[in-house]
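# please work out how this folds:
(one chain, ligands or ions: 1)
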Amino acid sequence: MAASAFHQAIGTLQSHGHFNNSGLHHEQGDNYMRLISKGFKVEIGLSKRGCCRSVQRNIGVVQASTSQTSVFEPVLSPAKSNASSSQKKSNEAALILIRHGESLWNEKNLFTGCVDVPLTKKGVEEAIEAGQRISNIPVDMIYTSALIRAQMTAMLAMTQHRRQKVPIIIHNESEQARAWSQVFSEETKKQSIPVIAAWQLNERMYGELQGLNKQETADRYGKEQVHEWRRSYDIPPPNGESLEMCAQRAVAYFKDQIEPQLLSGKNVMIAAHGNSLRSIIMYLDKLTSQEVISLELSTGIPMLYIFKEGKFIRRGSPVAPTEAGVYAYTRSLALYRQKLDDMLH
Ligand SMILES: O=C(O)[C@H](O)COP(=O)(O)O
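The predicted model follows:
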């Protein structure tokens, strides 16, 4: 989409009063706003089914600040990030969540939990397709779980990114690992994206169900009992984690390690799992333990949030790399997309 079309998209939104200086301008949840600009059909709205089925939330449109471009800096612990407090408050950042593509045990309908299995061919294709959908959205840092299906999803998705930065898994599990994986070129660092693998983002541990077939388990223990283990908030499977227990590690990690990066203006992608992401979305969308029961995440579908002034606004699932709508709501993303188009044309 030509840069002028982006200006038009932004202008049109502004003329429709969709940008305002008073902070949040709430649209009705579920509504769609069509914006035609230079032959570009732009549809904006919450993704419907097949992505993140949950309690519908209002679409928040915020006046975005001009944004930041960020380069690959040594991954500072959030406490050390040096954004000034006022700068922190004004930054806007994109947050992309992706559940891993289909895994070999998803395909066999086995409870997986923390067992470390790879993607199927279909899962690989899902990860690549997810990458195409987010290929124009900025990513400065990537967080994955410690499990290969999430890491494969992140790496495959990033092969489709138009910026073509190189994701580099950060090894700091030991002093030697840190020393032996150093990058000595500043220019190369600028063309790289740090990837942090964190066990706290692992799938919930399914205890004695891991490896069992979901249908056979329902036949043995009853459908209701299995549904309770799978979807209740505070009832764990035998010797496993409840969603609440999973949230205690996943959401804590998100708040301690990821949210400060967003606050400093870093655009973040998280590739994780059905339940570790359900617990994070419960936090982002302020869902109750009742509402989260109906939240289901499809494999390999990216979900976009905008983080601004400490608030998370769900923007749905970008359906195509050419979709301008997600940018037109947020000035910083529109400017990023324009720079990307200018740089690549
Ligand atoms: O761990 C698993 O089996 C899947 O990733 C998620 O399973 P669930 O949909 O039964 O929670």
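# flag every residue of this structure that's near the ligand.
Neighbours of the ligand within the chain, by C-beta under 6 Å from any ligand atom: Phe111, Thr112, Gly113, Glu203, Tyr206, Arg230, His273, Gly274, Asn275. No exception for glycine: its C-beta is placed from N, CA and C like everyone else's.
# ok, the second one - contacts?
The one in question is Thr112. Ser103, Trp105, Asn106, Glu203, Tyr206, Gln210 (C-beta atoms under 8 Å, 6 or more residues apart in numbering).
# okay if I get the residues you listed as JSON lines plus pLDDT and neighbour count?
Shown next, in JSON lines, are those (pLDDT from 0 to 100; neighbours: other C-beta atoms under 10 Å):
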{"residue": "Ser103", "pLDDT": "98", "neighbour count": "27"}
{"residue": "Trp105", "pLDDT": "98", "neighbour count": "20"}
{"residue": "Asn106", "pLDDT": "97", "neighbour count": "20"}
{"residue": "Glu203", "pLDDT": "98", "neighbour count": "28"}
{"residue": "Tyr206", "pLDDT": "97", "neighbour count": "24"}
{"residue": "Gln210", "pLDDT": "97", "neighbour count": "18"}
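# and which of those is nearest to the ligand?
Set against the ligand, the nearest of the contacts of Thr112 by C-beta to the nearest ligand atom is Glu203 (4.7 Å).
# nearest spatial neighbour of the closest one, skipping sequence neighbours?
Nearest non-adjacent residue to Glu203, counting by C-beta to C-beta, 6 or more residues apart in numbering: His273, 3.5 Å away.
# all strands for this structure, in order.
Using DSSP state E, the strands of the chain run over residues 25-27, 33-37, 40-44, 52-53, 59-61, 92-99, 141-144, 166-169, 192-197, 268-272, 296-297, 302-308, 311-316.
# out of the ones you listed, which one sits most buried?
With neighbours defined as mean count of other C-beta atoms under 10 Å, these peak in mean count at strand 268-272, which reaches a mean of 29.
# note down every partner strand of it and its orientation.
Strand pairing for strand 268-272, using DSSP bridges, gives strand 92-99 (parallel), strand 141-144 (parallel).
# what's the shortest one in contact with?
Judged by C-beta under 8 Å, 6+ apart, the contacts made with strand 141-144 from elsewhere in the structure are 75, 150-151, 153-154, 158, 167, 193-198, 201, 257-258, 261, 266-272.
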